[in-house]
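1. After the sequence you'll find the predicted model.
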Amino acid sequence: MPKRTDIQTVLIIGAGPIIIGQACEFDYSGVQACKALREEGYKVVLINSNPATIMTDPATADVTYIEPITWQTVEKIIAKERPLAQGGFAILPTMGGQTALNCALDLWRNGVLAKYDVELIGATPEAIDKAEDRLKFKDAMTKIGLGSARSGIAHSMEEAWAVQKTVGFPVVIRPSFTLGGTGGGIAYNPEEFETICKRGLEASPTNELLIEESLLGWKEYEMEVVRDKADNCIIVCSIENLDPMGVHTGDSITVAPAQTLTDKEYQILRNASLAVLREIGVDTGGSNVQFSINPKDGRMVVIEMNPRVSRSSALASKATGFPIAKVAAKLAVGYTLDELRNEITGGATPASFEPSIDYVVTKIPRFAFEKFPTADSRLTTQMKSVGEVMAMGRTFQESFQKALRGLEVGVDGMNEKTQDRETLERELGEPGPDRIWYVGDAFAAGWTLEEVHQFTKIDPWFLVQIEEIVKIELALEKTSLAAIDADTLRGLKKKGFSDRRLAKLLKTNDQAVRERRIAENIRPVYKRVDTCAAEFATDTAYLYSTYEGHGDGECEAEPTNKKKIMVLGGGPNRIGQGIEFDYCCVHAALAMREDGYETIMVNCNPETVSTDYDTSDRLYFEPLTLEDVLEIVDKEKPVGVIVQYGGQTPLKLALGLEAAGVPIIGTSPDMIDAAEDRERFQKLLHTLGLRQPPNATARAEPEALEKAAALGYPLVVRPSYVLGGRAMEIVHEQRDLERYMREAVKVSNDSPVLLDRFLNDAIECDVDAVRDHTGRVFIGGVMEHIEQAGVHSGDSACSLPPYYLSKATVDELKRQTAAMAEGLNVVGLMNVQFAIQEVEENGVKRDVIFVLEVNPRASRTVPFVSKATGIQLAKVAARCMAGQSLDAQGIGAEVTPPYFSVKEAVFPFVKFPGVDTILGPEMKSTGEVMGVGKTFGEAFVKSQIGAGTRLPTSGKVFLTVKNGDKPRAVDVARQLVDMGFELVATRGTAAAISAAGVAVQTVNKVTEGRPHIVDAIKNGDIVLVINTVEERRNAIADSRAIRTSALLARVTTFTTIAGAEAAVEGMKYLDSLGVISVQEMHAQL
């Protein structure tokens, strides 16, 4: 069937902000879908609230809405866009994860689709419902003769207990229609059962739980399947979880293709997954089906299926080179698989040809528990990882060891953690984020394979592979580099050992290992990912390294002699370094390609657009370590390498690359160092006559205490060279500092601790700028933070243009930014953070500006500024780095938009019950959203809705604020009462409010006896909490119960007075929100 001509416009729903369980893989699938549909001549309308995505670039779709993803907003967009469609109007909801599916179902249930005559393509509402509703899915499986776990459905605690009696303990609890297992878990006893069920009923939008028998220790597999309407089905990839059942597949180490299935078992799973798609009714796109097999008796059960593009399908696309999202989008508009050509083989094969792969792919998740020390780090059926790394090799060992070093968690392979028997038993039996290293430690400590299997239930095949690596390591520790011959060294490299790991084991340095390796001509060769195991020739340069086979005959890189620019990506997502940096890398590659360079991308994150084989001319899917990058540079010989766009990951390599003679373009590594190095930066500011908060540098505890006393408390303390505010704290007295020095200083390898005077009640600002080689500086945007200084800039909401600062202050910020860009000889992007404090001298108020930090590299605000102002800063800056001036690019005056844009951070607190939600200098957000409005209030309220914050329209508001905030809290209280809310407050705050003549009830603090405020929150009496505290540890601890109970009861909480003021301002606009497309915004500029 050729494509449908009765549809003219397709609306794609995106996935919204990056949260745990739903990361940038949906930007990748959304971009592919937009490209595929526009190629076929459809008009594409897109909604996504996340500005840090490539899909929201004005060029990706025809019409782009950066608006909150709620069915009400989408209805407004349909009302606006439907009359403009010359033909049929359809929604493709399978590209935006759970968010998009749930939104599409809401539109269906609320009659919006029928009202406007809109069709769902890619998946019918009935199919989505059948796959997502736990009971319907189970019945469907029974109907086609496939087993599923013994289970029952509950809508209340009574029903839940009834099901538990039939299933027994341990039980798995899964809420319906939630993402990444949110609200679910495994209960081993009645107490845990009660807690998890209550949480699950709240998390599920339909208040429904599936309670099922535990399959702990069973093997877990996934099949990525694509099916068209002519019932052609292909398996793109089989994926095996190394971690058995009980750990969410997003938190498991996974391997493709599956390694431990017999051919017969594989065929059974293959047939079963096709039967599942037929029964559910997925007939135009990709799905992922999860199975579990009992290793004891071979019993197979179907766990679940996703009738959409998923995290696993992004992995399968990158693992095989088969673009699932692109194909699914074309199937959704009527094509069949045999009509579509496979691009990677240059059209030599149709898309109905199942990919075959002659290598092994390993994915390892990346966690961020260091950001949430109080969170439970045991892995369960609720997803907790924030990113992932993928690696390819010719054997499992090679790809596994490449993935370990690609994680960037300070390991070069199977680094040792402990020899303590008790620790090992706990870590192997109750998996945590580092279990795989403990498995290695157990073998090193002499455990047998049976013992390790007993504790972990990991398949013995994988354990044999890991045991072999560990045995080799033990042998290497007894020898030296000089004592091993060339064949042994080649054998070690084949097994994936990195130079650094070998250096550590052989007690030498990585330079020595590298020199020896080059002398013996032991170099990697590069193989192409071609979907057909080299059966057909491929033009697509999608490459991975391997040491299997040597010499140029085996190498398939075939580099050209064009002028090339290489971009180093950001590696796995983590808190503090996410999709914003990938966005910059993609823009650099696109700009350089437009200017006629051949572009080379190096990255190892399978979720991203940068690792799509058609983003750049050549893609190397490799770990970002000095060893791996130098080998690629040696092969390709680029004229320039961009290290400033991928966050800290490539910056850490800059000095090493430069020392090896690699041509780094843009700001020099030495100048990047000058901005990071305290003492050098201080000198520069001194020369320029700019102010910094009073500060000092200390290398030991006594020195720190002495300097702190001289500066005066409160202080911000942190190790030098960190991203995302890792190990940053505000200390208020000597006791705090002593504890910090004891607990946190191990963060800095030989580098000092930085002490900064903390500026109370200062306004923080971010400025993004670009400078070219002629010395011209272009200010991209000035953003004013809503939360006061002291909250990490990545966690603060911000407004562009500023809504409070005077024009004189903004002009001065621009002047200072330009002066620093000049002083650091920046070529390319630069970001400055300022704090502005109001001081009063002789009755006159004036603003004093302090420079907090300067980063001469891409920053996380670049995508937001680009969307708000219509100028693609990352592209402009990349061209400056390659030698073009701003004038030559036609960059004119700075842009101040006539509308407000607000960026708001999105937090993962829901995944970590019991974590305090108070914001501070350490970054905790995983993603961001953007709201646009004619006024600041309208833009702010849209950003809150986009971030999933529920703003009430009536009910009781609870206030308790620190003394300094009381005057501002009175204002907030007055406005709330005017809007019809009732107020409740603790004694001190209530006294201030009633003294101003505003009605308020008093309530007990937790320490003052019951009934107290936490009881009121738990009973559902409170609709909004405004809670600000002094930054002292004991003050924070006292009120923590308020914030954690508000989080569990899903009551919106503001922990800064500025946030509360902005919210109250925004709530006035709740009834009158409009929608505006990016194209309409930019037309006003």
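-> Received it, and whenever you're ready, just let me know what you need. These figures come from a predicted structure and were not determined experimentally.
2. Could you list every helix and strand that the strand ranked longest in the chain packs against?
-> Counting residues, the longest strand found in the chain (DSSP state E) is strand 828-841. Judged by 3 or more Cβ pairs under 8 Å, 6 or more residues apart in numbering; DSSP states H and E, the packing partners of strand 828-841 are strand 763-771, helix 807-823, strand 844-855, helix 873-881. Quick note: C-beta positions are derived from backbone N, CA and C, even for glycine.
3. tell me the contacts of the residue lying farthest from the centre of the chain?
-> What lies farthest from the middle of the chain is residue 842; by Cα atoms, centre = their mean that is 49.5 Å. Contacts for residue 842 (Cβ atoms under 8 Å, 6 or more residues apart in numbering) come out as none.
4. What is the neighbour count of residue 451?
-> Counted by other Cβ atoms under 10 Å, the residues lying close to residue 451 total 15.
5. Next: residue 679.
-> Neighbours of residue 679 using other Cβ under 10 Å come to 9.
6. In this structure residue 66 contacts residue 51, no?
-> Yes: counting by Cβ atoms under 8 Å, residue 66 does reach residue 51; the two are 5.7 Å apart.
7. any residues in contact with both of those two?
-> In terms of Cβ under 8 Å, 6+ apart, residue 66 and residue 51 are both contacted by the residues 867, 930.
8. got the end-to-end distance for stretch 657-676?
-> Length of stretch 657-676, first residue to last, Cα to Cα, to the nearest Å: 18 Å.
9. tell me which residues in it are buried?
-> For stretch 657-676, a neighbour-count test (16 or more other Cβ atoms under 10 Å) marks 657-658, 662, 664-669, 671-676 as buried.
10. just checking, residue 467 touches residue 445?
-> No: when contacts are counted by Cβ under 8 Å, residue 467 is not listed as touching residue 445 (11.9 Å).
11. In terms of packing, which of the two has more residues around it?
-> Using other Cβ under 10 Å, the more surrounded residue of residue 467 and residue 445 is residue 467, with 20 against 14.
12. Can you tell me, leaving aside adjacent residues, what's nearest to that one?
-> What sits nearest to residue 467 in space, not counting adjacent residues and going by Cβ to Cβ, 6 or more residues apart in numbering, is residue 443, at 4.7 Å.
13. ditto for residue 338
-> residue 352 (4.6 Å).
14. Does that neighbour belong to a helix, a strand or coil?
-> Three-state call for residue 352 (DSSP: H, G, I helix; E, B strand; the rest coil): coil.
15. quick one, what contacts it?
-> 232, 234, 336-338, 340.
16. Mark which of the residues you listed are buried, thanks.
-> Buried members of the contacts of residue 352, counted by 16+ other Cβ under 10 Å: 232, 234, 336-337, 340.
17. Using TSV, lay out the residues you listed together with pLDDT and secondary structure.
-> Converted to TSV, the buried ones among the contacts of residue 352 look like this (pLDDT from 0 to 100; DSSP: H, G, I helix; E, B strand; the rest coil):
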residue	pLDDT	secondary structure
232	96	coil
234	96	strand
336	97	coil
337	97	helix
340	96	coil
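18. Export those residues to CSV and append columns for distance to residue 614.
-> Formatted as CSV, the buried ones among the contacts of residue 352 follow (distance: Cβ to Cβ, whole Å):
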residue, distance to residue 614
232, 24
234, 21
336, 23
337, 20
340, 15
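19. between the residues you listed, which is closest to residue 427?
-> Checking these against residue 427 by Cβ to Cβ gives residue 234 as the nearest, at 39.8 Å.
20. give me the element residue 945 is part of.
-> Taking DSSP states H and E as the definition, residue 945 sits inside helix 936-946.
21. which secondary structure elements does that helix contact?
-> Applying 3+ Cβ pairs under 8 Å, 6+ apart, one finds that helix 936-946 contacts strand 798-800, strand 900-906, strand 927-933, helix 1057-1067.
22. contacting residues around the closest residue to residue 427 other than its chain neighbours?
-> If the residues on either side of it in the chain are set aside, residue 427 comes closest to residue 438, at 4.0 Å by Cβ to Cβ, 6+ apart. By Cβ under 8 Å, 6+ apart, residue 438 lies in contact with 417-418, 423-424, 427-428.
23. and if we set it to 7 Å?
-> By Cβ atoms under 7 Å, 6 or more residues apart in numbering, the contact set of residue 438 is 417, 424, 427-428.
24. now do the same end-to-end measure for stretch 427-439.
-> 9 Å.
25. do the same with stretch 279-296
-> End-to-end distance of stretch 279-296 (Cα to Cα): 29 Å.
26. Stretch 849-865 too?
-> Using Cα to Cα, one end of stretch 849-865 lies 22 Å from the other.
27. where do the helices sit along the stretch 351-500 of the chain?
-> 396-406, 421-429, 435-444, 449-456, 460-476, 486-494, 499-505 (DSSP state H, counting those that start in this stretch).
28. now those helices in a markdown table, with mean pLDDT and distance to residue 818?
-> Listed next are the helices of the stretch 351-500 of the chain as a markdown table, based on pLDDT from 0 to 100; distance: least, Cβ to Cβ, whole Å:
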| stretch | mean pLDDT | distance to residue 818 |
| --- | --- | --- |
| helix 396-406 | 98 | 38 |
| helix 421-429 | 96 | 53 |
| helix 435-444 | 98 | 48 |
| helix 449-456 | 97 | 58 |
| helix 460-476 | 98 | 53 |
| helix 486-494 | 97 | 49 |
| helix 499-505 | 97 | 41 |
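29. In a markdown table: these, plus distance to residue 585.
-> Listed next are these as a markdown table, based on distance: least, Cβ to Cβ, whole Å:
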| stretch | distance to residue 585 |
| --- | --- |
| helix 396-406 | 16 |
| helix 421-429 | 35 |
| helix 435-444 | 28 |
| helix 449-456 | 37 |
| helix 460-476 | 32 |
| helix 486-494 | 28 |
| helix 499-505 | 25 |
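30. Beyond the helix or strand encompassing residue 269, next helix or strand please.
-> Secondary structure from DSSP H and E places residue 269 in helix 263-280. Reading on from helix 263-280 to the C-terminus, the next helix or strand found by DSSP H and E is strand 285-293.
31. who touches the following helix or strand past that next one?
-> Remark: after strand 285-293, the chain's next helix or strand is strand 300-306, criterion DSSP H and E. Applying Cβ under 7 Å, 6+ apart, the external contacts of strand 300-306 come out as 131, 137, 141, 146-149, 215, 268, 272, 276, 280, 287-293.
32. low-confidence ranges in the stretch 151-300 of the chain?
-> 180 (pLDDT under 70).
33. where exactly do the strands run in it?
-> 151-154, 171-175, 185-187, 209-213, 219-227, 233-241, 254-256, 285-293, 300-306 (DSSP state E, counting those that start in this stretch).
34. sorry, back to before: what angle separates the longest strand of the chain from strand 844-855?
-> For strand 828-841 against strand 844-855, the angle by axes from the mean of the first three to the mean of the last three Cα atoms, to 10 degrees is 150 degrees.
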